[in-house]
Every structure is written in structure tokens, then in C-alpha cells.
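Colleague: Compute the structure for the input listed below.
(one chain, ligands or ions: 2)
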Amino acid sequence: MKTLNNDINEVLVSEADLKKINARLGAQITEDFRDKNLLVVGILKGSVYFMTDLTRNIDLPLKIDFLAVSSYGSGTRSSGSVKIIKDIDIDLEGYDVLLIEDILDSGRTLQYVSKMLSARNAKSITICTLLDKPARRVVDLTPDYVGVDVPDEFVVGYGLDYDQQYRNLPYIGSLKREIYE
Ligand code: IMP
Ligand code: MG
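Modeller: Numbers count the residues shown, from 1 in each chain. Ligands and ions are numbered 1, 2, ... in the order given. Down below sits the predicted model:
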């Protein structure tokens, strides 16, 4: 029988860790966006699990929207070029946008997306990433909120995929090398 757990080398962020991260970030965002006009924008598909848990920890009125970009194919390294596959529906004028990403790696995706959204008259753009791999950054980008730093290993679960699989793993783990090498 094929199971997901069998393909995981090590658990890096457990379900209990994720719960604590969401509580901490949710409380911080609730504090920081008290008098703002909050629009939470998730980058599909990786941010979905994180975004649904995080927003349930934000005790403020807010709207949600999504956009989809392509950067990875089926490999484990970013291609470097970013393309919008699905745009948001809401007109950004007057909103304080909180961009939600699963993992910040080279930084190219978030740099591209935040530049594109800033050109549309949002009141402000703030970046929240669940995971950060600071060792791999190639562009100058510092996230406003980070769940936790991870080492330079390929990680899956809680929304993050390898070749569109493993997103439904309830924790974040490093993938066994034999799976992608
Ligand atoms: P960046 O543009 O290089 O910062 O890449 C960010 C995107 O690459 C994320 O949205 C992920 O989809 C993907 N990515 C980067 N590292 C990993 C990883 O370790 N596991 C799964 N996806 C990853
Ligand atoms: Mg992604």
C-alpha cells in the first residue's frame, strides 16, 4: 500500500507547531490590522491550508481572494520566470492587502506578485509566509510575517506539493531524496 508518511524523511513542522504558528500570527495580524481594510490574498495552491487556518485566527472583518502563478514545473527548483495563471477578482483600491504564501524560497514569486499588486492602488501590501528558506534568497525581499524558517531541503505537506502530491499531509516534512532524484 502506498502511504504519504512513508515518503517523508523527517517531520520539520508538526501539527502542534502549525497550530501555535497560526495562533501567534493570527493574534499579531489582528493587532496590526485593527483599523485597516483587510483583504487577504492567497497564492494558489500552496497557501490554501495555511490561509484557511490563519484567517480563522484573525478576529477582524476581512475579505479573501486568490491568485495563481506558475513558477515550478514538476521539479524541485524554481524556473525563475513567474506567470499569472489566475488573477484576483476584487478591485484593490482602498484595501490593505495581506499576501499569503506557503514558502519563500528565491523570493521571485512574491517579488513579482507584490510589484504587480502595488501598481493597482492598494492602500498597503504586507507579506506573510508560512515558511522561509532564507539561505536560498536571490532577490531583496523581506517578509513582514514568517511562521518559521526551514533549512534548504525540499519540503511538502500542509499545502506544499511535489508534482502536485503531498498537499494533504497534515504536517510539513522533508521529502525523501529518492522520490525526486
Ligand atoms: P520562489 O519564487 O523561489 O520564492 O518560490 C516560491 C515557490 O516555490 C513557492 O510558492 C512554492 O510553490 C515553491 N517551493 C519552493 N520551495 C519549495 C519546497 O521546498 N517545497 C515545495 N514547494 C516549494
Ligand atoms: Mg507555490
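
Colleague: Residue 141 reaches residue 105, doesn't it?
Modeller: No - using Cβ atoms under 8 Å, residue 141 is not in contact with residue 105, being 10.7 Å away. The C-beta positions use only the backbone N, C-alpha and C, and glycine is treated the same way.

Colleague: Give me the more crowded residue out of those two.
Modeller: Per other Cβ atoms under 10 Å, whichever of residue 141 and residue 105 has more neighbours is residue 105, with 25 against 16.

Colleague: remind me, longest helix of this protein?
Modeller: helix 15-32 (DSSP state H).

Colleague: now residue 10, nearest residue through space, not along the chain?
Modeller: residue 174 (5.1 Å; Cβ to Cβ, 6 or more residues apart in numbering).

Colleague: how about the residues of the protein that lie near ligand 1?
Modeller: 46, 71-72, 78, 101-109, 154-156, 160 (Cβ under 6 Å from any ligand atom).

Colleague: Out of those residues, list just those in helices.
Modeller: 108-109.

Colleague: residues near residue 42, how many?
Modeller: For residue 42, using other Cβ under 10 Å, the count is 27.

Colleague: Kindly report the same for residue 15.
Modeller: 13.

Colleague: ok, it touching residue 170?
Modeller: Yes - look at residue 15 against residue 170 with Cβ under 8 Å: they come within range, at 5.3 Å.

Colleague: ok, back up a step: distance-wise, check the residue nearest to residue 10 relative to residue 3.
Modeller: Going from residue 174 to residue 3 by Cβ to Cβ, to the nearest Å gives 16 Å.

Colleague: Strands of this protein, start to end?
Modeller: 8-13, 38-44, 63-70, 83-86, 96-104, 124-132, 145-149, 155-156, 172-175 (DSSP state E).
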